[in-house]
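In: build the 3D model from these lines:
(chains A and B)
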Amino acid sequence: MAQTSQFCTFYLDKLLFGVELKGVQEVIRSLDMTKVPLAPEVVSGLINLRGQIVTAVDLRARLALASRPAGLLSMNVVVRSDDGAVSLLVDEIGDVVEVEENTFEPPPETLRGPVREMILGVHKLDDRLMHVLDIEKACQMADVTGATAAAR
Amino acid sequence: MSDSDIVQDFLVESYENLDRLDRELVGLEKNPHDREALASVFRTIHTIKGTCGFLGFTKLEKVAHVGENLLTRLRDGQLTLNPELTTALLGMVDAVRQMLNQIEISGHEGERDDSVLISTLSRLQQVPETSAKRGVPVLQSPAEPAATPAIGDILMQRTGVTQAEIQLAAEMQKEGDPRHMGEILVEQGAVRPADVVEALHIQQAARTQATLSDSTIRVDVGLLDKVMNLVGELVLARNQVLQFASRMKDTGLVAVSQRLNLITTELQEGVMKTRMQPIGNIWGQFPRTVRDVAHGCGKEVGIEMEGKETELDKTIIEAIKDPLTHLVRNSVDHGIELPDGRVKAGKARIGRLILRAFHEGGQVNIEISDDGAGLDVDRIRKKALERGVITADQAAHMAEREIFNLIFLPGFSTAEKVTNVSGRGVGMDVVKTNVEKIGGTVDVQSTRGQGTTVRVKIPLTLAIIPALVVTCGGDRYAIPQVSLIELVRLKADEVGKGIELVHGAPVYRLRGRLLPLVYLNRELKLGENRPSTNKDDGAVNIIVLQADGRQFGLVVDQINDTEEIVVKPLRKQLKTVKTFAGSSIMGDGKVALILDVLGLAQRAGVITEMRDRAVTGRATEAASTKEEKQTFLLFAGPGDSRMAIPLSILARLEEFPANQVEMSGSQWVTQYRGQILPLIRLSVVLEERRNKLRGVHTLPPVDSGPIQVLVLNHDGRSFGLVVERIVDIVEDRADVRSPATRSAVLYSVVIGDRVTEMLDVPAILRRASIPTARPNAAHTPPEVVN
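Out: Below is the predicted model:
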């Protein structure tokens, strides 16, 4: 019996992504957000999660996808990173899926650029591919594509 | 309890005991006949020795054993403590501490050779012939030194009752006399009843002291932090429940939520208190430090401490420990002269080092003063020139005080010889950086030949700071109050002529000086089209801020209020944004950003990234020569007389409509920020007694204009001073003085070319019979804890 692991899945611009379930703290609906002027583009703002201030990262921007159409409310996937909780903004929440290790494949060589290091690979599900996201890398801001410099 | 638990407990307990030993030994050196301290030292070593034997730490036991032997001689009076003995005993304490460290790290004592120490200690315990003969055992019951003193012993010490009389009484008790020792003695006429009562009190106090250790427990700091976080969340949940309850209009729910409200507030205060520690905790080690440094350089220094009980947040206590230690060492090493030099200069042989801590205006002041040689202005100036820190032109224009503060620049040390303590050019700049890191300031004052005082000001807590909340571009921002100097509001018709342009850069003439203006919405790129004015009246709000000695005016849309906010650090995703120092949750549950005034000033170009302190010129002069120039609030008192108070005691300026003034006895009061603010009428306080009664019991006519009130803080109590009119804020030397012509006035002084009366605020309070002691209820708790 191959080893299985559970993933929390969500959609971004119609693509299916997954993060390991054990790294997810909670999933919540859209919250009031305080925007941070001068912050890197991928930082949407700060939210108050029961007295804890959590940075919200716009995953669409982080993954260089088209920006979210106006009117589409985002969901918060709160994950535990090395630096405390971080909220990942996604379009829609999917199911929790259980996948076997043998359905995994690393990203194709043709996937290049900064996005590549955030995507560990894909799991081949029956009907589609699930992109496996590296939580730590997704939450890192230091090497963002010059967004910091541009904002300042 | 496992073995490792026992070892852990032993370590924690022993570390504490060793710290106490350091203090006690140094204390004993000065007062070698303090039997109580000697007994306590003996007990501590005895305990350590006993436990080591039990746990199988033989080396440790051996060292402790010879130390104990030596202490036995001392305790029994066969030897008297002298510097040599003290050094040896302190050496033993250090050895024990090192071994404990080793045990903590590796679980065993490690390979070490203590034979030198052991032989020194053994040699020292050889009692000289003569003193052995003189020796008399001084402790009555060495086996049980911790026991509560017997009533007979106390009476013997304090009254003329003799040992024989007490023994007689004890005999009577043995033979079945049911009366207490005191009763018997009174009956025999040996002592007065009052003496017995007093002795009983002393005995009671000793007993309480003995049980004090049982009433405290050790708590893991991590657990405390967690509790703090939870209380923070509870506060937010409470706020939501309160809002909910007020909507529901259910009396039962309202009552319950009110109770929840009160309990939460009390819980919050209680948890806050658990984090507070007296500064004495870190001062405790200083006598030892001072002794070691002083011995090392052949000096004699006595250390005095005031305000040991001043409390600070735990994190701050930890952060200032090293800077303070450095300052203390520095004072002994550089400040205080050699004994002979002191005598020649007409001073006492023994130098004085004074540590003082006290609360002032929401901050803690810590002063380290010595009565040494003082700083040498010329040498510092010369050095600064050599190092290229300042130019010759600057050097000529710098005030003495500014020059003193140059010692905080990196790589600056004027010590002529490098000692193992200081003079290596590292230190003072690190002290300054570390203190500034926690939002504090350092300042040095010195008088040649008389001594130096270093003053460190630090916030009470890092977690909660007072801040001014402003709105800009629809969002709220908090500005730490420490950077705030004043608020200026330009009415719509003043904006045009008030704000001028220097080649496009906006400036404002603040009392004749040009203040560079920074528009917050532009700096934060909040959209240029939004006007930085209040929509309703077109007025402009300028917040005068100070960053690194430079002043600038920050223009915001709206000034909301001052508030105590809980600082939460920004995560690494936002660390690159230097404009913000952190974030905080406001009362309505939304997040607001805290502006980093220094970062903002750098971004706006008010100060350069280099933080070039030495060339900040005029602005620093204003800030650092407070001694010569003071800032005063000028106002018109009764009869349009010109009066002033130092700006430092002013909390706020307020305007109250006449109909908000109420009567409490013959006192005007008003409701102000959830408190009752007593209003003192200068016209009443300053009038002579015969006129005083006229009009005292009347309120101001409702149709009269608003009353002008200076809100002052004195001894932690707020009160309002009703004045006719506020004139200006000025900076002046105020050195032309003449004695006061009436009471409640300190003196008359020339400010801005006109004679002005300087008010004596404490005297006014006394005259208005406002109690200066602070009632507990006056304290408003901050919103959220974390």
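In: what about the helices in chain A?
Out: Under the criterion DSSP state H, helices of chain A are mapped to A:59-62, A:135-139, A:147-151.
In: lowest average confidence across these, which one?
Out: Mean pLDDT across those is lowest at helix A:147-151; the value there is a mean of 38.
In: wait, residue B:634 sits on residue B:732?
Out: No. Using CB atoms under 8 Å, residue B:634 is not in contact with residue B:732; the gap is 9.5 Å. C-beta: built from backbone N, CA, C; applies to glycine.
In: overlap in contacts, those two.
Out: Here residue B:634 and residue B:732 have B:751, B:752 as joint contacts, going by CB atoms under 8 Å, 6 or more residues apart in numbering or on different chains.
In: surely residue A:10 and residue A:92 touch.
Out: Yes. Using CB under 8 Å, residue A:10 is in contact with residue A:92, at 6.4 Å.
In: residues shared between the contacts of the two?
Out: With CB under 8 Å, 6+ apart as the test, residue A:10 and residue A:92 both reach residue A:75.
In: okay, the two: which has more neighbours?
Out: Neighbours were tallied for residue A:10 and for residue A:92 using other CB atoms under 10 Å in any protein chain shown; the higher tally belongs to residue A:10 (23 against 14).
In: show me what the more buried one is bridged to.
Out: residue A:17, residue A:93 (DSSP bridges).
In: for residue B:37, give its distance to residue B:278.
Out: Counting by CB to CB, to the nearest Å, the gap from residue B:37 to residue B:278 is 21 Å.
In: mind telling me what element the spatially closest residue to residue B:563 that is not a sequence neighbour is part of?
Out: Among residues not flanking residue B:563 along the chain, residue B:469 sits closest, at 5.3 Å (CB to CB, 6 or more residues apart in numbering or on different chains). For residue B:469, the element it lies in under DSSP states H and E is strand B:464-472.
In: check which helices and strands that strand is in contact with.
Out: If you count contacts as 3 or more CB pairs under 8 Å, 6 or more residues apart in numbering or on different chains; DSSP states H and E, strand B:464-472 packs onto strand B:475-480, helix B:520-523, strand B:540-547, strand B:550-556, strand B:558-566.
In: so which of the ones you listed is nearest residue B:181?
Out: Evaluated with CB to CB, the helices and strands packed on strand B:464-472 place strand B:558-566 nearest to residue B:181, the distance being 56.1 Å.
In: show me what the following helix or strand past the closest one is packed against.
Out: The helix or strand immediately downstream of strand B:558-566 is strand B:580-585, counting by DSSP H and E. The contact analysis (3+ CB pairs under 8 Å, 6+ apart) places strand B:580-585 against strand A:52-58, strand B:558-566, strand B:591-595.
In: among those strands, which is the most enclosed?
Out: Burial of the helices and strands packed on strand B:580-585 is given as mean neighbour count (mean count of other CB atoms under 10 Å in any protein chain shown); strand B:591-595 ranks first at a mean of 25.
In: hmm, that strand touching chain A?
Out: Yes. Residues of strand B:591-595 are located near chain A by CB under 8 Å from any CB of the partner chain, namely B:591, B:592, B:593.
In: for the residues you listed, which one is nearest chain A?
Out: Comparing the residues of strand B:591-595 next to chain A against chain A with CB to the nearest CB places residue B:591 closest, at 4.1 Å.
In: the closest one contacts residue B:574, doesn't it?
Out: No. Look at residue B:591 against residue B:574 with CB under 8 Å: they stay out of range, at 11.8 Å.
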